[in-house]
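Visitor: Compute the structure for the input listed below.
(3 chains, ligands or ions: 6)
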Amino acid sequence: MGVGHQVGPGSASKSLVKGRSLATLAANSKLHRTLRFYEAAAGKKTVMALTGIAIWGFVIAHLVGNLQVFLGPTKLDEYGRLLRTMPGILWTMRLGLLAMFVLHITSALQLYALKKKARPVEYAKKTPTTSTWASRMMYFSGPVLLVFVIYHLLDLTLGVVNPGFVEGAVTANLVRSFSNPLVAIFYIASMTMLWAHLHHGIWSLFQTIGLNHPKYDGTLRIAAKGIAILLAGGNIAIVLSVLLGVIK
Amino acid sequence: MKLDARTPSGPIENRWDKTRFDMKLVNPANKRKYNVIVVGSGLAGGAGAATLAELGYNVKCFCFQDSPRRAHSIAAQGGINAAKNYQNDGDSVFRLFYDTVKGGDFRARESNVYRLAQVSVNIIDQCVAQGVPFAREYGGLLANRSFGGAQVSRTFYARGQTGQQLLLGAYQALERQVQAGRVKMYSRTEMLDLIVIDGRARGIVTRNLVTGAIDVHMADAVILGTGGYGNVFYLSTNAKGSNATAIWRAYRRGAAFGNPCYTQIHPTCIPVSGEYQSKLTLMSESLRNDGRIWVPKKQNDHRSPDSIPEDERDYYLERMYPSFGNLCPRDIASRAAKRVCDEGRGVGPGGLGVYLDFSDAINRLGIQTIAERYGNLFEIYERITGEDPYKVPMRIYPAVHYTMGGLWVDYHLQSTIPGLFVLGEANFSDHGANRLGASALMQGLSDGYFVIPYTLGHYLGSNKFEKVDENHPEAQAVLKQTQDLTKKFLSINGNRTVTSFHRELGKIMWEYCGMARNAQGLEIAIGKIRELREEFWQNLKVSGEPNELNQNLENAGRVADFLELGELMCMDALERNESCGGHFREEYQTPDGEAQRDDEHFRHAAVWEYQGPNAKPIRHVEPLEFEYVQLAQRSYK
Amino acid sequence: MTMNLTLHVWRQKDVTVPGKIVHYEAKDVNEHMSFLEMLDVVNEELINKGDEPIAFEHDCREGICGSCGFMINGVAHGGHKNTTVCQLHMRHFKDGDEIWIEPWRAAAFPVIKDLVVDRSSFDRIIASGGYVSVSTGSAQDANSLPIRKLDSDLAMDAAACIGCGACVASCPNAAAALFTGAKISHLGHLPQGKPEEMERALSMVRTMNEEGFGNCTNIGECEATCPKGIPLEVIARMNRDFIKASLQERPPVAIAGAG
Ligand SMILES: Cc1cc2nc3c(=O)[nH]c(=O)nc-3n(C[C@H](O)[C@H](O)[C@H](O)COP(=O)(O)OP(=O)(O)OC[C@H]3O[C@@H](n4cnc5c(N)ncnc54)[C@H](O)[C@@H]3O)c2cc1C
Ligand code: HEM
Ligand code: HEM
Ligand code: SF4
Ligand code: F3S
Ligand code: FES
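Guide: Ligands and ions are numbered 1, 2, ... in the order given. Next up is the predicted model:
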């Protein structure tokens, strides 16, 4: 097949894109096909959506687990102990989650690079119209969450930044940490970013994987917003309860 | 000059078949050895370029816009005719042929029109297969409507965007060939001259509108599908860039010009609002189905429309044409509007407008129904005028819309220069002195998809082509002339902008060669145009440089051509001592003010041959025979 | 009513030199003018003064060809519903307004001059698969294949795209998702477009990347400023088709030895 020509004067300034006819679009190996998929921005975005679902699922489960802190001082500790009785499952989950984060973040970084390249000169004036604040700051809320997760691991899993940390004393570790108003504020601020990220993200992921339909779009948007508030709100409730002394 | 229309003989329904059978074919393996230039990417050029490439020819396609998808065909709203008879309401190829010949006021060639009606059915098939989303009924089959006063429903449409959808179909077909490497697309490239070698069209000279580079392109045949020249009038429904340059420069190289004076004035456009006005917007003719047209009975009545009582209104179309009323044909409705405005009864700024009133329809059918039928049109109107047509009657006025004239072509669509073919609105064929609604799209696609692929093959197959390249002395000479012309524009350095010349030309044309013409006025116009042209070459001011995007320079070239074409139009109008279709000579009317044809003396196409700058061109005639449609006076009373 | 306006216009000689914002006064602007007519008047003055007029793209001036378009006060086409700049009228502005005018900005739309950009990348996206492969003459009768009215209407909704590029310009990612999705949806809703649906999605989506557009993160500015009201739904469809096609993509079955 020949090479496509669009001799626009503009195209003189950049190389012509190689012609590719539909008929010759053959893929030859599974790996090749997966790479081809990921190579397209839409492929990366699909990966973000799928990993986003996984992380979102974790956030839900994690919140449900953590809310046990309201059921009395020992419940949460028991839950932590229960998890540790199944190291196989635990580590599978941890590695899986890590992989999800790595993929989510890698594709985010690559798409961010693409975004920068796609508009080398910024507008002198740009006025958003109908888009939400949350949707425009995904590349901000995401990285804040990354910083949060790192701190959070150092705080409640590894205890490095949590003086007096005792492995397994989940409730005590948590109460000690959140009693520090600075830490509590950091957690709350991060959770507003979680809210923002999911406010857009939960709706967005359906759009990304093509499961959106105008008939259900309104419902989906409302549901996404509601779920984002519940998840962020639930987490914040724990932090506030400690800060205000409800949980000791 | 010898005019050979190459019309086949025999029964009209077999003529195209017979011609096709008699044609030479080009061996499939040899097709890629032929280079073809197609100027224009509208319905005619785009369809032609794509189809020729599908057949295997090597095609170069040119357009001045940034993408072939923006050709002015995109603006057509109403629809496209085809003799499918899906509605079972008595349509047939013969009826479409008959209506078109009659609608054209018996000034078109029967054989061509019959072929047009024949292939109209294939056009719809082809477009549907390409994915053109024509309107459909609930049963899933294609919907039709009646358009422009036709007695049958044969118009296919895609909302109010028929031209857009048809053009996108052709554009996509063209892009498929671009991808396959068989079409090389030159966007933002304007044809500035034609190269004729040994009497045959062998190439063109173009200007790259971005870099300013002036280049030569050689080929075995040149096809023009460059659209109409309505912008001679400055204000028209054409796009700002629509121009006559390609056909005009071909005319100066020897291609004869057919019926330049035939222009169509569309009755329902939004009136001019001020001196700054840059173009006129068409409001679909379908509005006349439910809107009533009126003006106040009194002169200079400046009351607001709702305070003018019923008995002080003149529903003049209903009064003058009781049986067709508001639905009478375009030329008739336009002239009537002019007449009442000339009487001082026009409305709106400058008194150049008439009311198109929906209040009766709204009362009768309810606002809901009217919104369903015309909602989007009302929206357009409100966007432009700031007035709400649900409450205030629309104001409309006629505007130049279509040019039936163009380069003369024979049955093979070849001009008087062998190897130069002309398609679509750029040629003079098929519509005679007046075009029916929804027939231009049909003609463009017919020429591009179904006629030129055959006739070009015949031309290539029956001629020998020695190789010529851009260094041929003739090509270099034309190149040099084009370069000099460009330099000339930039060196005059006078005091008047291109637009101001264009606007003045437009006013002259509209005043004297518009809806109604007379000998005295046309002579005045010719004098004025000559003066203006002289001033143009003395006092033009073009800013910027030659070797960059310079829209001012582009316009200068186009206006220079309009200044010559305008004169030819007036000459043609002056010599045609009759009224027919869109050409209305005040001296030739029936007692009640209708067009009076003179079949005895003017049953022919006027074909003008260029004789050099400032020399009077020669008027040839191609007599028209009517074997199948009987000559009759059009009547819409 | 007339008004005086201050214009801040991006001027750039060509793609090789950087541009800058230049200020102009537009005096006695009539409220019935279109935005482009206002610029026409400014340009006539510039030419008379011996300056270079502001280059902007335009042709039909009735909102259908897709030639025109630039940012007005940071919004593509000026932000009036279903309105291109050629149809935007000055009555939406008031005396004393300051107006910022900038070209579409995207790597895939290099500036040619002032407000004129090169959108040939759109043509190349279409060329990579935005069509039905049917050569002239091979069509069956138009009514031999009934199409559900709803599908036909949805196809038309998507086909209304005029290729103006406002979606790219207004998208914070400079993505061409709405434009590409519109063509994929138009053809995908019709039986004629079905045979090539999968290959089309793969090819057009990849071309979009190769042309240097960013990636859609579902922000929705495109839909809001699209003069033809193309809905976000088309992006979901494009994604769906792309994922489906990627899952199905496989080497062609070789049929050896036949004839
Ligand atoms: C507002 C409006 C509504 C209409 N509605 C209808 C309707 O409902 N039904 C109907 O049947 N008809 C309608 N018409 C008429 C019809 O649209 C046109 O007659 C027809 O589309 C012309 O097609 P074309 O291919 O001949 O030319 P165009 O579509 O005008 O294409 C001309 C092409 O030539 C190129 N070109 C021109 N000059 C040069 C040059 N010098 N160098 C390089 N390229 C050049 C242009 O770039 C363009 O690609 C309407 C017309 C208008 C203006
Ligand atoms: C709490 C952890 C996180 C969750 C639950 C989460 C979830 C999601 C979801 C559901 C999406 C939408 C995907 C789509 O539309 O296809 C998304 C997108 C995104 N995420 Fe995350 N994410 C998390 C962490 C992060 C981190 C750490 C980063 C940063 C490095 C990040 C950056 C992004 C970006 C840039 C997007 C794309 C924006 C968009 O699609 O609209 N996310 N995320
Ligand atoms: C403010 C609300 C939160 C509280 C109170 C909280 C509490 C905790 C606690 C107590 C642990 C340690 C569990 C253990 O060691 O048994 C933990 C681990 C963890 N948390 Fe949170 N968390 C919160 C929010 C989040 C969020 C929003 C995320 C993710 C985006 C997150 C991700 C993690 C991860 C990844 C671990 C490590 C899990 C493991 O060890 O496998 N947490 N959290
Ligand atoms: S999708 Fe809308 S904004 Fe984008 S190019 Fe098409 S019409 Fe313009
Ligand atoms: S604004 Fe951009 S991010 Fe997607 S939804 Fe529209 S293309
Ligand atoms: S000029 Fe054609 S859409 Fe604006």
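Visitor: can you tell me which residues contact the residue nearest the centre of chain A?
Guide: The residue at the geometric middle of chain A, judged as the C-alpha nearest the mean C-alpha position with Cα atoms, centre = their mean, is residue A:52 (5.1 Å). Contact criterion Cβ atoms under 8 Å, 6 or more residues apart in numbering or on different chains gives A:104, A:201, A:205 as the residues in contact with residue A:52. For glycine as for every other residue, the C-beta is placed from the backbone atoms N, C-alpha and C.
Visitor: Double-check that it belongs to a helix.
Guide: Yes - counting by DSSP: H, G, I helix; E, B strand; the rest coil, residue A:52 is found in a helix.
Visitor: From residue A:199, how far off is it?
Guide: 13 Å (Cβ to Cβ, to the nearest Å).
Visitor: Residue A:66 too?
Guide: As defined by Cβ to Cβ, residue A:66 lies at a distance of 21 Å from residue A:199.
Visitor: Of those two, which one has the most company?
Guide: Neighbours were tallied for residue A:66 and for residue A:199 using other Cβ atoms under 10 Å in any protein chain shown; the higher tally belongs to residue A:199 (24 against 18).
Visitor: Residue B:607: what secondary structure?
Guide: Secondary structure assignment for residue B:607 (three-state DSSP): strand.
Visitor: helices and strands around the biggest helix by length in chain C, which ones?
Guide: Among the elements of type helix in chain C, defined by DSSP state H, the one spanning the most residues is helix C:233-248. Helices and strands in packing contact with helix C:233-248 are listed as helix A:30-39, helix A:41-66, helix A:181-208, helix C:177-188, helix C:197-210; criterion 3 or more Cβ pairs under 8 Å, 6 or more residues apart in numbering or on different chains; DSSP states H and E.
Visitor: and with 6 Å instead?
Guide: Here helix C:233-248 is seen to pack against helix C:177-188, helix C:197-210 when contacts are counted using 3 or more Cβ pairs under 6 Å, 6 or more residues apart in numbering or on different chains; DSSP states H and E.
Visitor: Would you indicate which residues of it are buried?
Guide: Taking 16 or more other Cβ atoms under 10 Å in any protein chain shown as the basis for neighbour counts, the residues of helix C:233-248 that come out buried are C:233-243, C:245-246.
Visitor: so what pLDDT did the residue in chain A positioned nearest to ligand 4 get?
Guide: Scanning chain A for the residue nearest ligand 4 gives residue A:129, at 12.6 Å (criterion: Cβ to the nearest ligand atom). According to the prediction, residue A:129 has pLDDT 94.
Visitor: Touching, it and residue C:226? I think so.
Guide: No - contact between residue A:129 and residue C:226 fails when scored by Cβ atoms under 6 Å: they sit 11.0 Å apart.
Visitor: residues making contact with stretch B:52-63?
Guide: Taking contacts as Cβ atoms under 6 Å, 6 or more residues apart in numbering or on different chains, the residues outside stretch B:52-63 that touch it are B:31-32, B:34-39, B:41, B:49, B:177, B:182-187, B:189, B:191, B:453, C:135.
Visitor: could you pick out which of the residues you listed are near chain A?
Guide: Restricting these to those within reach of chain A (Cβ under 6 Å from any Cβ of the partner chain) leaves B:184-187.
Visitor: In TSV: the residues you listed, plus pLDDT.
Guide: Supplementary listing: those in TSV, determined by pLDDT from 0 to 100:
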residue	pLDDT
B:184	98
B:185	98
B:186	98
B:187	98
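Visitor: Neighbour count added to those, as TSV?
Guide: TSV is the format used below for those (neighbours: other Cβ atoms under 10 Å in any protein chain shown):
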residue	neighbour count
B:184	19
B:185	27
B:186	26
B:187	28
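Visitor: now, the most widely separated pair of those?
Guide: Taking Cβ to Cβ as the measure, those span a maximum distance of 10.9 Å, between B:184 and B:187.
Visitor: Please name the residues that touch residue A:196.
Guide: A:134, A:141.
Visitor: pLDDT at it, what is it?
Guide: Residue A:196 is assigned 98 on the pLDDT scale.
Visitor: distance of it from residue A:132?
Guide: Distance, residue A:196 to residue A:132, using Cβ to Cβ: 9 Å.
Visitor: for the stretch 501-637 of chain B, which spans come out with low pLDDT?
Guide: Scanning the stretch 501-637 of chain B for pLDDT under 70 picks out no residues.
Visitor: and the residue of it found nearest chain C, what element?
Guide: For the stretch 501-637 of chain B, the residue positioned closest to chain C under Cβ to the nearest Cβ is residue B:549, at a distance of 4.4 Å. Using DSSP states H and E, residue B:549 falls within no helix or strand.
Visitor: Residue C:213 versus the closest residue to it other than its chain neighbours, what's the distance?
Guide: Taking Cβ to Cβ, 6 or more residues apart in numbering or on different chains as the measure, residue B:549 lies nearest to residue C:113, with 4.4 Å between them; neighbours along the chain are not counted. When distance is defined by Cβ to Cβ, residue C:113 is 22 Å away from residue C:213.
Visitor: what about the helices in chain C?
Guide: Taking DSSP H as the criterion, chain C carries its helices at C:35-48, C:120-127, C:149-159, C:166-170, C:177-188, C:197-210, C:221-225, C:233-248.
Visitor: circling back to that earlier point, settle it for me: which of residue A:129 and residue C:226 has more neighbours?
Guide: Neighbour comparison, residue A:129 and residue C:226: the larger count goes to residue C:226, with 25 against 14 (by other Cβ under 10 Å).
Visitor: Contact partners for that one?
Guide: Counting by Cβ under 6 Å, 6+ apart, residue C:226 touches residue C:167.
Visitor: State the pLDDT value of it.
Guide: At residue C:226, the pLDDT recorded in the model is 98.
Visitor: what residues are up against the residue lying closest to residue C:138 once chain neighbours are set aside?
Guide: Distances taken as Cβ to Cβ, 6+ apart place residue B:129 nearest to residue C:138, at 7.4 Å, with adjacent residues excluded. Contacts for residue B:129 (Cβ under 6 Å, 6+ apart) come out as C:134, C:139, C:192.
Visitor: Out of those, name the ones that lie in strands.
Guide: With strands defined by DSSP state E, no entry of the contacts of residue B:129 lies inside them.
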